[in-house]
Structures are given as C-alpha cells and as structure tokens.
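> Kindly generate the corresponding structure for this input.
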Amino acid sequence: MTTLVAVWWLFFWTVLGLCLGSFLNAVIYRIPRHGSLRVPLWSACPHCRNRIAWYDNIPVVSFVILKGRCRMCGVPISTRYVIVEVVMALIVLMLLDAFLIGGVRSGLSVSQFGLTDRLAYDWPILAAHIILFACMLAMSAIDLEHYWIDIRFTNFVVIAGFVLHAIWTPKYATGWPRPDDATAVIGLLAVVGLAIMWVLMATDNDPDPDDLDEEESHDAVEPAADGSKPRRPPPSLASPSRVGGWLAVIILAALVLGLLLQEVYDVPLRHLGRALLPLALFFGLILAESSIVRDSDKAIIDAIDSERHGARQMVLAELLVLLPAVALGLLGYWLTAGEGEVPTRISAGLHTEIPVTGLATLRHWQPLWGLGTAAAGYIIAGALGWTVRIVFTLVLGKEAFGVGDIHLMAAAGCVAGWPVVVLGFFLTAVLALIGWIATLPLKRTRAIPLGPWLALSFLIMVVFYDSVVRWPPIERAIVVAEWLLSNNSQASQFGGLP
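A predicted model of the protein is given here:
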C-alpha cells in the first residue's frame, strides 16, 4: 500500500507539473502578442491556425507520437513547448522533494505516516511555491525574448502568497523564515500604504501618452502571408534544440525514479545530486536562450538611452509614491517599540488562534500571523529592489534596475520569505555575470534579461536554504540582520507537532 500511495503522488505531481507547463506555453505565446487567455479556449497551431485536438495536446506524449510535427500542416513543432512542460514538472518535483520527501527544509511536518500525511499539513506552502515558480517560468521565458516582465504575474503570486500564508500557520514551523512581531506589523502597515496609493492611481483615469505610444508599438505587427488578420510570428524552431528537449525528458525520468527510490525503498540517494542535475539544465537553457540575437536587444538599449535624461526625475516621482508605505511602516515601528502595553497587545493579537477542527492545517490557525509573514517578506524584498533602483539611478543618471524585477522580488519575498530573496539577489549578480561573459562570443549587448537569473537564484535558495544559512559567513550576516531588525521573535511560543 505504501508503494502504491507513493507512486500515485509522484504520478499526480508529475502530471500536474506537465499540465501546468502546457498551460504556461499558451501564456508565454499569447501574453506578449496581446492575445486573450480566454478566447479561444482551445490551442491552435501558430503556423496553420487549425485547432489542436485534445489527443494532440497531451504534454510530451503527443509531441512524441506526432514526431514533433503538426498533424494538419506538417510544420515542425518548436521544442520550446516540451521544454516548458518538462521544466515545470521538474520544478514541482524539486519543491516536493525539498519540502516533503528529502527533508532538507526545516519548519515543515516530519510526520512518519507517509507523504499523504505530510501533504495534509503543509500543502499550502507547497502550493504557494508552485504558483510562484510557475509564474516565474512564464515571466522568464517572456523576459528572455522581450525584456519585459508583466506584473499581472507578480500580482497573482502576491495574492496567492497572502492567502496561503494566512492558512499555513502551524506551531511546528519554527525553522521556517518568519519575521518577529515588530517586523510583521511594519510589513502589514506598509502594505496598507501601498494599497492606498494603488487605489488612488487606479482611479486616475488620465492615460499617459507615452504608455499609449508604447502600447501601439507593441500592437504593430506584420500581416499574415495569406492576407488574413495580423499576427505575431510563431516560436523559433531553432532554439531550444531537440537535444535539449530530450535531455530534459531524461532528467525528469531520472528524478521521478530517484524520488520513488527515496520515498518507498529509503535508498540513500543524496538530495544534492537530485537537485543539481535539474538546476544545471535550467542554467544551460538560460544560457542558450540568452545567446540568441534578437531585435529586442537593441530596442531595450535604445529605450533606456532615450529615457536617461528624465531617469532621475522618474525615480524621485516613484519615491513619492512609496512615501505612504514608508510613513505607515514607521508608524508600525513606533507602535511596536519597547515593551509596554501596546506592543504586548499587538503581539497577542498577531498570535490569536482560531482553531478549526477537522482540518490538520488549521488546528492552530493564526491568520494575522500568516498575513504578517507574507507582508514582511513582500515589503523587505521589495524595499531592497527599490533601494537599488533609486540609488543607482540617481548615481548613474539612467535606469539601473527594472520595475518588473522589483515586483518579481517582492512577490518572491511574499511567498518564500525575505532571506531567500536577499541571498538570491546576490547570487543573481554572480550568475548573471557568468552568463553574460559566457554569451559574449555569440552576442554582445549591454542589456541582460534579469528575470530568468532571479528565478533560478530564488529556486536555488528555496531548495538549499538550510544549507546556505548554516554556512558560517551567511550565518553571521543573518545574525547581524536580525539584530538590525530588532528581532524579538516569538519562536519560543511554538512547540513540536500538534
């Protein structure tokens, strides 16, 4: 029975990852081309536009059966579709492994009653990370091709992060990166400040002429050869290569087998090896896509150069937008400073339990504490990005860091916690530099699509978080950071398994 349960769950999560990847293919194709995700609801060949039957749209399997060609027109299908499907499945299994099988992340259930029991306790945090990296995969693919991050993805991640963190507040999660009470309150009030400014800006119906011009330029497309309505060109058939696609499938099969041996037969396979192989594949795929010369390489440089004269004024205006969040954050700091009656009541309110019987996840439910966890991660991670953007833009006189990348960092902080984002940000600088140097012989450009490197770095930090923070230099840096944030954590209130 144990074997059947493990096989079922591995099959379920693998298929779920492949199906998510199949959906992301539609997202990656339609969003930059200003297509709707609702109309049409079915998939169509980007070459002949014929509707794809359901049996020709089964992830990976249909590609193999059709021998990589459209059934209607016979045109080769881009390997990108298979790559995205398999990469999403790999990410799902890596998260499942790190959280619930390999046991390399602390703060999660250590139930000995099998994977089903561990999922019953910790499904919200697993689901939040799957949503995060699914959106990051889509954003990375679009960023590599267009130097563009759609903040609708990050907004969706933030909503999911707040909702799922509000659900997942188990007492045994002492090892999960959570803020102290003061930081949680500061984060919550700062989020209120951002929400106020968002409402004010959303109700401003005066469009920016520059935004209209930009939208029109995106919509300017060449007419189809048959004279039908304009459309964007289909994905490239040259990259990724067929070899890359089959390599990804082999790595996926190896990971599924390794997890099965680990969960059922307790074979001593090291988690490091299981995780490094997919991560090496992701690194290689980003390098391969970054080496392709595209029209967007020059377009993004021209856009940055054309805006450099007003760059300082632009970030100063952005700073004004952030001031309400800063002010309310300072109010939160003032309210929680010291050890008087007000901080004590605030702390008690954060940790008020609303137990829900019959649900393992909600047996010790503290929704405000969960919301504070998400808010602190969102605000600290976003503050790091905004600081880099504002300071370096003022110093250099040109846009130094994209707003989309800041939204990506804030969304990741909301789900994974600010330590993951801070550590991942520094790793991103290293990986992006290595990637830029490696692609110089093939492509010379000053612009680097940072989204894919941020996504890869955050995934590395999520999977290897415990090992990284135990590295002595990082451990000392975290101690300093906690001291600067006036850590008065309530970790002592949490016990073992409920």
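
> mind listing what the residue nearest to residue 418 when sequence neighbours are not counted touches?
Nearest residue to residue 418, sequence neighbours excluded (C-beta to C-beta, 6 or more residues apart in numbering): residue 380, at 3.8 Å. C-betas here are computed from N, CA, C, even on glycine. Shown in contact with residue 380 (C-beta atoms under 8 Å, 6 or more residues apart in numbering): 183, 187, 413, 418, 421, 422.

> phi, psi of the fifth one?
Okay, so that is residue 421. phi -70, psi -40 (degrees, to the nearest 10).

> measure the residue lying closest to residue 354 once chain neighbours are set aside to residue 346 for me?
Distances taken as C-beta to C-beta, 6+ apart place residue 365 nearest to residue 354, at 4.9 Å, with adjacent residues excluded. To residue 346, residue 365 is 19 Å away according to C-beta to C-beta, to the nearest Å.

> Over to residue 420?
Distance from residue 420 to residue 346, by C-beta to C-beta: 26 Å.

> One more: residue 186?
From residue 186 to residue 346 the distance is 11 Å (C-beta to C-beta).

> next helix or strand past the worst-scoring helix or strand of the chain on mean pLDDT?
One helix or strand of the chain scores below all others by mean pLDDT, DSSP states H and E: helix 209-219, with a mean of 38. Per DSSP states H and E, helix 209-219 leads on to helix 242-264 as the next helix or strand towards the C-terminus.

> Can you mark which positions in that next one are buried?
Buried residues in helix 242-264, counted by 16 or more other C-beta atoms under 10 Å: 244-245, 247-249, 251-252, 255-256, 258-260, 262-264.

> which one of these sits closest to residue 114?
Using C-beta to C-beta, residue 263 comes nearest to residue 114 of those, at 8.4 Å.

> My read is that the closest one contacts residue 103, right?
No. Look at residue 263 against residue 103 with C-beta atoms under 8 Å: they stay out of range, at 10.8 Å.

> Which helix runs longest in this structure?
When the chain is parsed with DSSP state H, its longest helix is helix 115-146.

> Distance from it to the middle of the chain?
Here the centre of helix 115-146 is set off from its chain's centre by 7 Å, with C-alpha atoms, centre = their mean, to the nearest Å.

> Go through that helix and flag the buried ones.
Applying a neighbour-count criterion of 16+ other C-beta under 10 Å, one finds 115, 118-119, 121-146 buried in helix 115-146.

> One more: stretch 321-340?
Neighbour counts over stretch 321-340 (16+ other C-beta under 10 Å) mark 322, 324, 325, 328, 329, 331, 332, 335, 336 as buried.

> Give the phi and psi angles for residue 69, as a check.
Per-residue torsions, residue 69: phi -130, psi 150 (degrees, to the nearest 10).

> burial count for it?
If you count neighbours by other C-beta atoms under 10 Å, residue 69 ends up with 12.

> Same list, the buried residues of stretch 321-340, but as TSV with distance to residue 87, secondary structure and pLDDT please.
Output for these, formatted as TSV (distance: C-beta to C-beta, whole Å; DSSP: H, G, I helix; E, B strand; the rest coil; pLDDT from 0 to 100):
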residue	distance to residue 87	secondary structure	pLDDT
322	35	helix	93
324	39	helix	93
325	35	helix	94
328	39	helix	95
329	37	helix	94
331	43	helix	93
332	40	helix	91
335	45	helix	90
336	42	helix	88
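
> Relative to residue 454, which of those is nearest.
Among these, and counting by C-beta to C-beta, the member closest to residue 454 is residue 322, at 20.6 Å.

> Quickly note the distance from the closest one to residue 315.
Distance from residue 322 to residue 315, by C-beta to C-beta: 10 Å.

> The residue nearest to residue 354: helix or strand, and which one exactly?
For residue 365, there is no helix or strand it lies in under DSSP H and E.

> What is the burial count for it?
19.

> residues contacting residue 438?
Here residue 438 is in contact with residue 287 (C-beta under 8 Å, 6+ apart).

> again, but for residue 475
Counted by C-beta under 8 Å, 6+ apart, residue 475 has contacts residue 469.

> Surely residue 365 is in contact with residue 352?
No. Residue 365 lies out of contact with residue 352 (C-beta under 8 Å); the separation is 9.5 Å.

> Check what pLDDT the closest residue in space to residue 360 that isn't next to it in sequence gets.
Sequence neighbours aside, residue 120 is the residue nearest to residue 360 in space, at 4.5 Å (criterion: C-beta to C-beta, 6+ apart). Per-residue pLDDT puts residue 120 at 87.

> again, but for residue 53
86.

> What's the local residue count around the closest residue to it other than its chain neighbours?
What sits nearest to residue 53 in space, not counting adjacent residues and going by C-beta to C-beta, 6+ apart, is residue 71, at 7.7 Å. Residues lying near residue 71 (other C-beta under 10 Å) number 16.

> What of the one 5 residues further on?
The number of residues packed near residue 76 is 13, by other C-beta under 10 Å.

> since we're on the closest residue to residue 123 other than its chain neighbours, how many residues are nearby?
Excluding its sequence neighbours, the residue lying closest to residue 123 (C-beta to C-beta, 6+ apart) is residue 361, at 7.0 Å. If you count neighbours by other C-beta under 10 Å, residue 361 ends up with 19.

> Hmm, residue 361 is touching residue 166, no?
No. Judged on C-beta under 8 Å, residue 361 makes no contact with residue 166 at a distance of 11.1 Å.

> Thanks again, I'm all set now.
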